[in-house]
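[1] A structural model of the following input is requested.
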Amino acid sequence: MPALWIAHVTVTDPDAYGKYAELAGPAIAAHGGKFIARGGRYVQLEGQERARNVVARFPSVEAAVACYNSDAYQLALNHARDASERELMVVEIDD
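    Purely as a prediction, here's the structure:
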């Protein structure tokens, strides 16, 4: 079943985070991920507000987790770790 990769992000170092974004996109695409929302307009109804919200659709939970654990994504993530505060989850969806 398809899955959504959902990230809520506060960027603290835009330059370093930009490098993350540059590298993460191809890593996500290589695992069948397709962005459906990136930093667009949002309304925070509950919980901690994060200015950047990203949703990508993957063919499966396994594909999303494999992407996260891939060398290419981990290389990208090295740029985001000290440049952002993030929550990331993968949620299986009914299709």
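
[2] sec struct for the closest residue in space to Val54 that isn't next to it in sequence, please.
    In this structure, Val54 finds its nearest non-sequential neighbour in Ala7, 4.4 Å apart by CB to CB, 6 or more residues apart in numbering. In short, each C-beta sits where N, CA and C put it, glycine included. Following DSSP: H, G, I helix; E, B strand; the rest coil, the label given to Ala7 is strand.

[3] could you pull up the residues touching Ala7?
    Counting by CB atoms under 8 Å, 6 or more residues apart in numbering, Ala7 touches 52-55, 86-88.

[4] please redo it, this time with the cut-off set to 6 Å
    By CB atoms under 6 Å, 6 or more residues apart in numbering, the contact list for Ala7 reads 54, 86, 88.

[5] not counting residues beside it along the chain, what's closest to the last one?
    Spatial nearest neighbour of Leu88, excluding adjacent residues (CB to CB, 6+ apart): Ala7 at 4.7 Å.

[6] distance of that neighbour from Glu87?
    Separation of Ala7 from Glu87 (CB to CB, to the nearest Å): 7 Å.

[7] next: Asp71.
    Distance, Asp71 to Glu87, by CB to CB: 23 Å.

[8] what about those two, which has more around it?
    Taking neighbours as other CB atoms under 10 Å, Asp71 and Glu87 compare with Glu87 leading, 12 against 8.

[9] who's in contact with that one?
    Counting by CB under 6 Å, 6+ apart, Glu87 has contacts His8.

[10] quick check, it in a strand?
    Yes - under three-state DSSP, Glu87 falls within a strand.
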